[in-house]
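Peer 1: Predicted model, plus sequence, below.
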Amino acid sequence: MSEIWKWANLTLAFAIELVALAALALWGWKTADETPVKVVLAAGILLLAAVAWGLVAAPNATFDHPLLAVATKVMVFGCAAVGLWAVHYRVAAVVFVAVLVANLLVITLGHLTA
């Protein structure tokens, strides 16, 4: 597999991670009614997901345990998709999941690693 294809897919994987964090923050913002609560929910869920990802699911994670990494990724990506769906961004939720699955298939079948 060419290096350009490899790095393009790994870059897309990183972009998907960032979109997941943004989707979680959007869900937090849209869920509450009052601005202070919106800020706390949006920032809180974003921070919680980012810290969990960094500790368990990142390439150089502090806790290198494959089962925890998979569980964290499923939680973050799953909650992002459900959050988009819950705030009525249903097309975005479906596109997010479709791009995520396609990217994971390419990375897994192509044995791509950073």
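Peer 2: In hand now; what should we look at?

Peer 1: Helices along this structure, start to end?
Peer 2: Using DSSP state H, the helices found in the chain span residues 3-31, 35-52, 66-86, 90-109.

Peer 1: how far off helix 66-86 does the last one point, in degrees?
Peer 2: The directions of helix 90-109 and helix 66-86 differ by 160 degrees, with axes from the mean of the first three to the mean of the last three C-alpha atoms, to 10 degrees as the criterion.

Peer 1: In stretch 74-82, which residues are buried?
Peer 2: Neighbour-count burial for stretch 74-82, with 16 or more other C-beta atoms under 10 Å as criterion, is recorded at Val76, Phe77, Cys79, Ala80, Ala81. All C-beta spots, glycine's among them, are computed from the backbone N, C-alpha and C.

Peer 1: now the residues you listed in TSV, with distance to Ile107 and pLDDT?
Peer 2: Output for the buried residues of stretch 74-82, formatted as TSV (distance: C-beta to C-beta, whole Å; pLDDT from 0 to 100):
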residue	distance to Ile107	pLDDT
Val76	16	96
Phe77	14	97
Cys79	21	97
Ala80	18	97
Ala81	18	97
